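mind looking at a prediction? Sequence and model below.
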Amino acid sequence: MAFTAGERKRAEELMARYPHAKSALLPLLHMAQERDGWVTSQAMEDISELLGVTPTIVLGTCSFYTMFKREPVGRLIVSVCTNLACLVNGGEDLLGELQLRYADDDDVLVEEVECIANCDRAPTLQVNYDFHGPLTAEAAADVVEQYKSGALTARTISGTRPGASVGSDS
Ligand code: FES
């Protein structure tokens, strides 16, 4: 879906914050991801046109940063760390058990990540960029279920707090 007039206006506001419009590439990718739940090819084309850069530059940036998803991932991203502190505290088992549990759940993506700087709480994970840990697989699944039920409020998959917009200070 192409950007609407309102979205183009918001995009122009974001671009106006920078001396060079193309510096707004990351906020615009976040804006597109907030809208669609992932960054579609159409959104990349729109951003390319808005910024006057080639589609290759937009794709290159989008594919470099793991926070940008180029296919639908559902509403919750569970990022499980398997770096050293988490590894020796059961991070790989946690990852494996969660991947198995949510393999058929379109609403939940379980992904492996490098150190997320929460080593003293190993094994640890994030749900839409909010930290939880240390956790057993059972406790982790309980946390995910709380997000699914609405008992816990998740950020968007770009990490924006509910009610805030991309580029706002909240
Ligand atoms: S090693 Fe897992 S958070 Fe640092």
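On my side now, so go ahead. Residues are numbered from 1 along each chain as shown.

what packs against the helix-or-strand element of the chain with minimal mean pLDDT?
Here the helix or strand of the chain ranked lowest by mean pLDDT, DSSP states H and E is helix 5-15, holding a mean of 93. On a contact count with 3 or more C-beta pairs under 8 Å, 6 or more residues apart in numbering; DSSP states H and E, helix 5-15 meets helix 25-36, helix 41-51. Heads up, the C-betas are built off the backbone N, CA and C, glycines and all.

domain-wise, how is the protein divided?
5-64, 76-149 (automatic domain parsing).

among those, which comes closest to the ligand?
Proximity to the ligand (C-beta to the nearest ligand atom) singles out domain 76-149 among the domains of the chain, at 3.4 Å.

give me the element Gly96 is part of.
For Gly96, the host element (DSSP states H and E) is helix 91-101.

chain center to that helix: distance?
Counting by C-alpha atoms, centre = their mean, to the nearest Å, helix 91-101 is centred 19 Å from the centre of its parent chain.

list the buried residues for the very next helix or strand once past it?
Following helix 91-101 in sequence order, the next helix or strand is strand 108-113 (DSSP H and E). For strand 108-113, a neighbour-count test (16 or more other C-beta atoms under 10 Å) marks Val108, Leu109, Val110, Glu111, Val113 as buried.

beta partners of the second one?
Just to be clear, that refers to Leu109. Ile77 (DSSP bridges).

ok, it - contacts?
Shown in contact with Leu109 (C-beta atoms under 8 Å, 6 or more residues apart in numbering): Lys69, Val73, Gly74, Leu76, Ile77, Val78, Tyr102.

contacting residues for the nearest residue in space to the third one that is not next to it in sequence?
Once its chain neighbours are removed from consideration, Gly74 has its nearest residue in Asp107; the separation is 4.3 Å (C-beta to C-beta, 6 or more residues apart in numbering). Listed by C-beta under 8 Å, 6+ apart, the contact partners of Asp107 are Gly74, Arg75, Leu76, Lys148.
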